[in-house]
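1. model this:
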Amino acid sequence: MGRGGTMNIGLAPDTRGILHEDDVRSLKGWKALMEETFGNNLLASHEVTVSASHVRGQSDQFSAARVLDGNNETYWACDDTAENPELVFEFREPVKFNVLSIREQIALGQRVDAFAVDTWNGNQWNEVGNATSIGNRRLLVLRNACSSKFRIRFTRASACPAISEVALFRAPIGLILGGKLTIIRTGEGMVQIRSTNPWLTIRYTTDGSEPTESSPLYTAPFPFLRSGTVKAFGYIENEPGARIPSVSTTFGIDRSKWRVVSVSLDSPFDNGGVAGVTKLLDDDPATFWQTYHDDKSLSAPPHEVVLDMGRSLEVAAFTFQPRMGKGRVQAIPDQFAFYLSQDGTSWTLAAEGEFANIKASPGMRCVTLPRPMSGRYLRFVAKHVIDDGNYVAVAGLGVVEA
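-> Purely as a prediction, here's the structure:
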């Protein structure tokens, strides 16, 4: 298989002593998908040349051409002293591909500890994939590429690489399209766009408009200290229509100077450093304030927190980031009260109600106040949590200025 292991399908016959029709249908579909993916080795069906930065002893026995000769007993190798050797493959014209198959001459042992794949865009090399080992065979899904030239860089090895085969394929886009985008902002005001699919190209906007393929390219966290909406979407390059829907997150103002004034209960359990009331001051759904306690009479709602915003603000809305994560929906507040105060003593109710459908859709909420209201201090009360849960968990709170 693609990481040097064997595959156990794990099918068993039914009470009739045969495989169930549903299993047979799935196996036939899987077989068709594998044939569509691996039925055409692009390095065999296209005219291609291969060269190497180093060849062991300058001998034809170890030349780069050995990785394309269809003989697993032959292999390319370099001298022991070669640093970061590489193989370069060049087609006569651009070719679309997204899966690399590579094999070591395993009789000599597993030698490669890390390698990377780059494509040439006409001006420079761009990395489209990397991995940490090869072994008998490694199948590496790459960022979707269309190029006439690519290279494999061997960046770390316990001995000189000995590569017996390289093959290139184009998997159906449906296999690599998908994933989920999450937009967060750190306590330092840096926005991160996280993707569960590493092969997506991500574009974003910061004015609430719908992003397009001409919008800014996301490559690293960027500062966003004001209130506003960040939108982002992901797509597969060189594939028209291969995109996932956009997501958006509305952030309040910068909270780097905010502080916690008081809290009704902060759990004694910090969950490995990700829990604590100060975690309310970032928008990372993986960090949170919680009231979890062994004594459920203490941890159960209602619970509240008071925050000092550092200066008096004209507040138009507040943002609420629930704790995200599998199996954590039971701690999300679904009923709230939101207060503002100029002195932290005299409070005015600014908004109260429910976070509608928060169990099924536990994303960040932006609650608009019935009318803008000024205040320096905010007080958030979690009055009830979904499914009558016995503790509260909130990942972030913020405000939007009028």
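
2. Compute the number of surrounding residues for the nearest residue to residue 207 once chain neighbours are set aside.
-> Nearest in space to residue 207, with sequence neighbours left out and distances taken as Cβ to Cβ, 6 or more residues apart in numbering, is residue 228 at 6.9 Å. (Each C-beta comes from the backbone N, C-alpha and C, glycine too.) Neighbour count of residue 228, defined by other Cβ atoms under 10 Å: 16.

3. Likewise for residue 144?
-> 23.

4. In the longest helix anywhere in the chain, which residues are buried?
-> Longest helix of the chain, by residue count under DSSP state H: helix 21-38. Neighbour counts over helix 21-38 (16 or more other Cβ atoms under 10 Å) mark residue 37 as buried.

5. what's the average pLDDT for the helix or strand following it?
-> Downstream of helix 21-38, the first helix or strand assigned by DSSP states H and E is helix 42-45. Mean pLDDT, helix 42-45: 95.

6. The stretch 151-300 of the chain: helices as residue ranges?
-> 173-176, 296-299 (DSSP state H, counting those that start in this stretch).

7. Tell me which residues touch residue 213, please.
-> Residue 213 is in contact with 203, 235, counting by Cβ atoms under 8 Å, 6 or more residues apart in numbering.

8. on that earlier part again, for residue 221, which of the helices of the stretch 151-300 of the chain is the nearest?
-> For the helices of the stretch 151-300 of the chain, proximity to residue 221 was assessed by Cβ to Cβ; helix 173-176 is nearest, at 24.8 Å.

9. Break this structure into its domains for me.
-> Following automatic domain parsing, one finds the domains of the chain at 42-174, 177-251, 259-401.

10. how about the strands in the stretch 101-250 of the chain?
-> 112-120, 125-131, 138-157, 162-169, 181-185, 190-195, 201-205, 222-223, 228-235, 243-251 (DSSP state E, counting those that start in this stretch).

11. could those strands go into CSV alongside mean pLDDT and distance to residue 52?
-> As requested, those are arranged in CSV below (pLDDT from 0 to 100; distance: least, Cβ to Cβ, whole Å):
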stretch, mean pLDDT, distance to residue 52
strand 112-120, 96, 14
strand 125-131, 93, 16
strand 138-157, 93, 10
strand 162-169, 97, 9
strand 181-185, 89, 39
strand 190-195, 92, 34
strand 201-205, 95, 31
strand 222-223, 94, 40
strand 228-235, 93, 35
strand 243-251, 89, 38
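
12. JSON lines please, covering these and showing distance to residue 292.
-> JSON lines is the format used below for the strands of the stretch 101-250 of the chain (distance: least, Cβ to Cβ, whole Å):
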{"stretch": "strand 112-120", "distance to residue 292": "41"}
{"stretch": "strand 125-131", "distance to residue 292": "39"}
{"stretch": "strand 138-157", "distance to residue 292": "39"}
{"stretch": "strand 162-169", "distance to residue 292": "48"}
{"stretch": "strand 181-185", "distance to residue 292": "22"}
{"stretch": "strand 190-195", "distance to residue 292": "25"}
{"stretch": "strand 201-205", "distance to residue 292": "34"}
{"stretch": "strand 222-223", "distance to residue 292": "33"}
{"stretch": "strand 228-235", "distance to residue 292": "31"}
{"stretch": "strand 243-251", "distance to residue 292": "26"}
